[in-house]
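Engineer: got a predicted structure here, sequence first:
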Amino acid sequence: MPKLQVRIPHSLTADEARSRLHRYAEAMQARHGDKVSDMDQRWDGDDLLFGFKTLGMKISGRIAVVETHFDFDGDLPLTAMMFKSKIEDEIRRQLERLAR
């Protein structure tokens, strides 16, 4: 499976970064719950681990809250490769919003 990796710097405290990511994850689940299935989100220390299915594709990964940045690492199904740059751009845009 191809990898997606995005690193976004932030100047937030670790607690504020985790809090923003937690609220964002809850909002995304509420907003897009009708378009996804098998949604799984859980925290492992400072890492938000997630997985879901959409359009028949399994998406999974983690967002690590690091002292100076967010690290997104995800697996992209081969069937979604043609959308890789659009997906990376959207992830980057969303994490940049959280970092402000």
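Structural biologist: Cool, the structure landed. Numbers count the residues shown, from 1 in each chain.
Engineer: contacts and neighbour counts: CA atoms only from here.
Structural biologist: OK.
Engineer: Val66: what's it in contact with?
Structural biologist: Shown in contact with Val66 (C-alpha atoms under 8 Å, 6 or more residues apart in numbering): 14, 46.
Engineer: so what pairs up with it in the strands?
Structural biologist: Counting by DSSP bridges, Val66 is bridged to His69.
Engineer: any regions of this protein where pLDDT drops low?
Structural biologist: Applying pLDDT under 70 to the chain flags no residue at all.
Engineer: any idea which element the residue nearest in space to the middle of it lies in?
Structural biologist: Central residue of the chain (C-alpha atoms, centre = their mean): Ile63, 5.5 Å from the mean position. If you go by DSSP states H and E, Ile63 is part of strand 57-66.
Engineer: tell me if I'm right that Lys53 and Ser37 touch.
Structural biologist: Yes. Because the distance of 5.2 Å satisfies C-alpha atoms under 8 Å, Lys53 is recorded as touching Ser37.
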